[in-house]
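> Sequence first, then the predicted structure:
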Amino acid sequence: MATKTTAEKLATIQQGYTLEGATIELGAAIIDGELHKDAPVRLPLAMMNRHGLVAGATGTGKTVTLHMMAEQLSTAGVPVFLADIKGDLSGLATAAVGSDKLKARTDSIGQPWQGKTFPVEFLALGGDGNGVPVRATVTSFGPVLLSRIMELNDTQESSLQLVFYVADKNGLELIDLKDLRAVIQFLTSDEGKDKLEELGGLSKATAGVILREIVNLEAQGLEKFFGEPEFDTAELLRTAPDGRGVVTCLELPTLQTKPMLFSTFLMWLLADLFEDLPEAGDLDKPKLVFFLDEAHLLFNGASKAFLEAITTTVRLIRSKGVGIFFVTQTPKDVPADVLGQLANRVQHALRAFTPEDAKALKATVSTFPVSDYDLEETLTSAGIGEAVITVMNEKGAPTPVALTRLRAPESVMGPSEEALVRSTVAGSALLGKYGTTVDNPSAYEKLTGKAAAPTGPAVPGPAAGTPAPGAPSTPGTYDVDAEARRIEEEILGRPSSRPAQAPEPQYSEPQFDEARDPGPRQSRAKAPRTRQPQPSQPEPQAGGMMGDLGGVLGGALGGGLKSMARSVGTQLGRELLRGVFGTSSRRRRR
């Protein structure tokens with residue numbers, strides 16, 4: 001095969017990246033060691049929901065790359081979610097200051113540069129950090145994800161699924177860890193063990209293991225994470241008043257002590273979005289782009305069933321308008337079935353200091369299309385801020401591989417001042433909604449007869465007319481309720497769930513219904529976030545389609561429960577249907 005000239009290589013890249021629609025500008029191509037600003041490398045905005053991978057060795061610029069991409073997505077009106085593990089991405093809220101060195105770089109790639117701020121929302125898991133506290137209820141998190149945090153084996157996971165099943169069936173709301181502990185203790189007591197006899201029972205040994213793991217979670221401070229008000233994933237879909245997409249940064253400063261929680265929580269967010277969003281088909285731009293940093297944490301030690309659930313979510317959420325970018329060191333960190341779904345690749349430099357590094361390098365090269373580059377040499381010699389790129393073009397074909405000098409962010413490449421972060425959080429429209437823990441009556445109170453603990457006064461939200469984070473200080477108001485209704489009606493495709501006035505709570509003792517009569521039953525209705533109960537509605541007649549759902553439930557909960565699910569298929573009219581991870585989405589918990 002004849003060697004191409006530099007001009008021929010340049011023409012190939014120019015033609016391959018000539019795109020018609022809106023794009024994310026990534027940088028300029030480097031060919032035969034020379035930078036060509038007349039050969040821009042870009043990614044079609046409409047193809048961002050085909051998912052992607054940002055990989056490279058530590059210190060090669062992965063965080064700056066997703067920072068730069070997030071800025072452009074926000075400018076295009078696309079909301080962005082970032083897992084801000086090191087805290088560097090908070091710099092999006094601060095305009096960068098130019099310098100001679102920066103100007104020389106941006107001029108060399110033909111980038112018109114101007115320091116800017118972007119609308120940023122700061123979140124923190126359970127309030128562990130400076131952001132708005134993010135919580136999830138135990139019941140919505142589900143038995144599969146919770147088992148992964150507890151590192152339970154298959155038998156213990158099946159037993160935990162059984163506990164969730166009985167709690168769902170009998171109106172025992174699992175809101176926090178004390179609710180789960182109370183239900184397990186009840187089901188292993190003389191009073192409660194009969195309730196499980198027809199389903200195989202729950203051994204005291206297995207119950208003891210699960211209870212010990214619950215205590216361990218509480219000792220790690222995770223009782224702050226499980227509870228109410230539960231975070232509504234629709235908040236990730238917001239836009240600022242000026243039309244830019246809100247960039248949501250999730251902080252977990254103690255990641256080193258809780259890596260499993262962090263990665264598993266990110267999958268809960270995706271699972272909840274997957275269950276809640278309607279089918280969208282091909283869009284001009286995605287509804288949300290989700291950057292999942294430290295992706296290897298998600299897959300380390302994962303069971304086959306868990307990996308299959310991840311693969312299913314990644315494959316299907318594309319059609320709902322959500323793009324996922326995995327951020328990690330090498331493509332080997334991502335299972336092949338997931339890697340095969342990632343059409344857009346930004347590969348920073350790799351190191352080959354050890355035999356294992358050399359194997360990773362060869363494996364990485366094998367995942368790229370045939371190109372005019374010697375990729376083994378290119379990937380080991382690329383500088384900081386340079387990456388080998390190939391993406392999906394508007395026709396669904398891969399673009400030519402291009403070594404690219406990447407664009408510079410227009411906001412600060414590093415953390416913002418802590419005072420700015422705190423003031424942004426204090427002015428957030430979400431603080432009044434999620435800032436104060438709520439402890440409503442749930443399974444613990446129902447089983448013990450104790451009253452719920454007081455939760456104190458609500459945290460005051462921003463005053464009327466306070467703009468969203470990063471919004472320009474121009475006249476006008478930011479109506480949080482209106483924005484929430486817009487997301488529900490225009491993006492989620494459902495009637496708004498924000499009632500004008502919530503009814504008074506009315507709780508009753510759980511009724512353990514063991515009858516097999518398929519007649520109509522009354523379901524417990526449960527508002528998902530603050531659990532203000534709504535009037536119960538008649539359930540549809542069991543049998544027919546509902547009877548056939550036993551097998552479906554068995555598939556969702558795992559093979560160990562299939563026979564149990566089929567045996568109670570006629571009772572499914574009163575139970576929660578759980579998703580691919582065993583999670584319970586907001587709509588399904590109503």
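That came in fine, so what should we check first?
> And the helices in the stretch 101-250 of the chain, which stretches?
138-150, 154-169, 177-187, 204-219 (DSSP state H, counting those that start in this stretch).
> and the angle from the shortest one to helix 154-169?
Orientation check (axes from the mean of the first three to the mean of the last three Cα atoms, to 10 degrees): helix 177-187 against helix 154-169 gives 100 degrees.
> Show me what helix 177-187 is in contact with.
With contacts defined as Cβ atoms under 8 Å, 6 or more residues apart in numbering, helix 177-187 is touched by 138, 163, 166-167, 172-174, 192-193, 195-196, 202, 207, 210-211, 214, 217-218, 222-223, 226, 442-444, 447-448. No exception for glycine: its C-beta is placed from N, CA and C like everyone else's.
> Tell me the buried residues in it?
For helix 177-187, a neighbour-count test (16 or more other Cβ atoms under 10 Å) marks L177, K178, D179, L180, R181, A182, V183, I184, F186, L187 as buried.
> Need these in CSV (columns: pLDDT).
Shown next, in CSV, are the buried residues of helix 177-187 (pLDDT from 0 to 100):
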residue, pLDDT
L177, 93
K178, 93
D179, 95
L180, 95
R181, 93
A182, 93
V183, 92
I184, 92
F186, 89
L187, 88
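> just curious, which of those residues is nearest to F353?
Of all the buried residues of helix 177-187, F353 sits closest to L177, with 43.8 Å by Cβ to Cβ.
> L447 versus the closest one, what's the distance?
L177 sits 14 Å away from L447, going by Cβ to Cβ, to the nearest Å.
> Please look at D32 and T5 and confirm they touch.
No. Contact criterion Cβ atoms under 8 Å: D32 and T5 do not qualify, at 9.1 Å.
> residue contacts, P286?
Counting by Cβ under 8 Å, 6+ apart, P286 touches L45, M48, N49, V78, G321, V322, G323.
> can you give me phi and psi for it?
The phi/psi pair for P286 (degrees, to the nearest 10) reads phi -70, psi 160.
> Now do the contacts for the residue lying closest to K103 once chain neighbours are set aside.
Nearest non-adjacent residue to K103, counting by Cβ to Cβ, 6 or more residues apart in numbering: W113, 7.3 Å away. By Cβ under 8 Å, 6+ apart, the contact set of W113 is G98, L102, K103, T106, A408, E410.
> just the buried members of the residues you listed?
Buried, going by 16+ other Cβ under 10 Å: L102, T106, A408, E410, out of the contacts of W113.
> Looking at the residues you listed, which one is closest to L252?
Among those, E410 lies closest to L252 (Cβ to Cβ), at 26.2 Å.
> any idea how far that closest one lies from A271?
With Cβ to Cβ as the criterion, E410 and A271 are 33 Å apart.
> quick one: the strands in the protein?
When secondary structure is read from DSSP state E, the chain shows strands at 23-31, 34-44, 52-55, 80-84, 120-125, 132-134, 247-251, 288-292, 322-328, 344-347, 386-390, 402-406.
> Adding mean pLDDT as columns, could you present these in a markdown table?
Shown next, in a markdown table, are the strands of the chain (pLDDT from 0 to 100):
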| stretch | mean pLDDT |
| --- | --- |
| strand 23-31 | 97 |
| strand 34-44 | 96 |
| strand 52-55 | 96 |
| strand 80-84 | 90 |
| strand 120-125 | 93 |
| strand 132-134 | 93 |
| strand 247-251 | 92 |
| strand 288-292 | 93 |
| strand 322-328 | 93 |
| strand 344-347 | 96 |
| strand 386-390 | 97 |
| strand 402-406 | 97 |
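> okay if I get those strands as a markdown table plus mean neighbour count?
Converted to a markdown table, the strands of the chain look like this (neighbours: other Cβ atoms under 10 Å):
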| stretch | mean neighbour count |
| --- | --- |
| strand 23-31 | 23 |
| strand 34-44 | 19 |
| strand 52-55 | 26 |
| strand 80-84 | 27 |
| strand 120-125 | 26 |
| strand 132-134 | 24 |
| strand 247-251 | 27 |
| strand 288-292 | 26 |
| strand 322-328 | 25 |
| strand 344-347 | 26 |
| strand 386-390 | 24 |
| strand 402-406 | 26 |
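> show me the contacts for L316.
Neighbour list for L316: F274 [criterion: Cβ under 8 Å, 6+ apart].
> circling back: and D32 and T5? which has more neighbours close in?
Taking other Cβ atoms under 10 Å, D32 and T5 do not tie; D32 has more neighbours (13 against 10).
> which residues touch the more buried one?
Counted by Cβ under 8 Å, 6+ apart, D32 has contacts T6, K9.
> Provide the backbone phi and psi angles at it.
According to degrees, to the nearest 10, D32 has phi 50, psi 40.
> Return the distance of it relative to I109.
17 Å.
> count of neighbours near P259?
Quick note: P259 (other Cβ under 10 Å) scores 17 neighbours.
> Ok, D107 next?
Neighbour number of D107 under other Cβ under 10 Å is 12.
> How about D88?
For D88, using other Cβ under 10 Å, the count is 18.
> Could you do the one 4 residues further on as well?
A count of neighbours around L92, defined by other Cβ under 10 Å, yields 29.
> now T436
The number of residues near T436, taken as other Cβ under 10 Å, comes to 16.
> what pLDDT does it get?
pLDDT, T436: 91.
> Roughly how far does it sit from A429?
For T436, the distance to A429 - Cβ to Cβ - is 15 Å.
> Likewise for A76?
As judged by Cβ to Cβ, A76 and A429 stand 22 Å apart.
> ok, now R318?
29 Å.
> next one: E121
9 Å.
> do A39 as well
Per Cβ to Cβ, A39 is found 43 Å from A429.
> go on, P259?
Going from P259 to A429 by Cβ to Cβ gives 31 Å.
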